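>>> Need a 3D model of the sequence below.
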Amino acid sequence: MHITRMDQLGPEIRKARKALGLSQTDLSLATGLSIKFLSQLETGKADNPSFANILDITRALGGQVTLDWSDLASSDTPGQSDGDGA
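Here you go, the predicted model:
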């Protein structure tokens, strides 16, 4: 699964879970997360899931997380020096 926006996360998790033949109960048992939370996540109703939760779900689904910072402009990154020492 390749996710570039947070609103894609839930539907992609649901798609991957179903492709593996797993129920929300199965995923809940594998991750330690509640069925209610997983349901809310899959339907886009979960508020700001933690990175740790996303990692747990991804691992349970046999995937991996890769962060790609290349789309961020250096001027938009707080605290990043422009290299001139100023």
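
>>> residues near Gln8, how many?
Residues lying near Gln8 (other C-beta atoms under 10 Å) number 13. For glycine as for every other residue, the C-beta is placed from the backbone atoms N, C-alpha and C.

>>> Could I get the pLDDT score of it?
At Gln8, the model reports a pLDDT of 85.

>>> ok, now Thr58?
93.

>>> What sits closest to it if chain neighbours are left out?
In space, and not counting its chain neighbours, Thr58 is closest to Val65: 5.3 Å by C-beta to C-beta, 6 or more residues apart in numbering.

>>> so who does that neighbour touch?
By C-beta atoms under 8 Å, 6 or more residues apart in numbering, the contact set of Val65 is Ile54, Leu55, Thr58.

>>> quick one: secondary structure of it?
coil (DSSP: H, G, I helix; E, B strand; the rest coil).

>>> Can you tell me how far it is from Gly21?
Val65 is 22 Å from Gly21, where distance means C-beta to C-beta, to the nearest Å.
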